[in-house]
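Trainee: Build the 3D model from these lines:
(one chain, ligands or ions: 1)
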Amino acid sequence: MPKAGEKPGKGKYICAECGAEQELKKESQALAACACEGTEFRKKGGKRPVGAKK
Ligand SMILES: [Zn+2]
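Mentor: Predicted coordinates for the structure are as follows:
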């Protein structure tokens, strides 16, 4: 599960605490802590990367 401060790559991430969405537009962009102070995120669904284990 990606956490604030990590750079999990482009895409949309959803706060595990409150469900707020955050979008990373660059590979070099790090996730910011959510306004609710949540620091864990899950990647928003859609197409799955090929070879993903989960
Ligand atoms: Zn949140």
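
Trainee: At the contact with the ion, which residues of this protein appear?
Mentor: The chain comes close to the ion at residues C15, E17, C18, A20, C34, C36, G38, as judged by CB under 5 Å from the ion. For glycine as for every other residue, the C-beta is placed from the backbone atoms N, C-alpha and C.

Trainee: Look up phi and psi at the fourth one.
Mentor: This points to A20. Per-residue torsions, A20: phi -70, psi 150 (degrees, to the nearest 10).

Trainee: Give me the nearest residue to it, chain neighbours excluded.
Mentor: C34 (5.5 Å; CB to CB, 6 or more residues apart in numbering).

Trainee: Would you mind confirming that that neighbour is in contact with G19?
Mentor: No - using CB atoms under 8 Å, C34 makes no contact with G19, being 9.5 Å away.

Trainee: Looking at the two, which one has more neighbours?
Mentor: Taking neighbours as other CB atoms under 10 Å, C34 and G19 compare with C34 leading, 21 against 11.

Trainee: helix, strand or coil for that one?
Mentor: When classified by DSSP: H, G, I helix; E, B strand; the rest coil, C34 comes out as coil.
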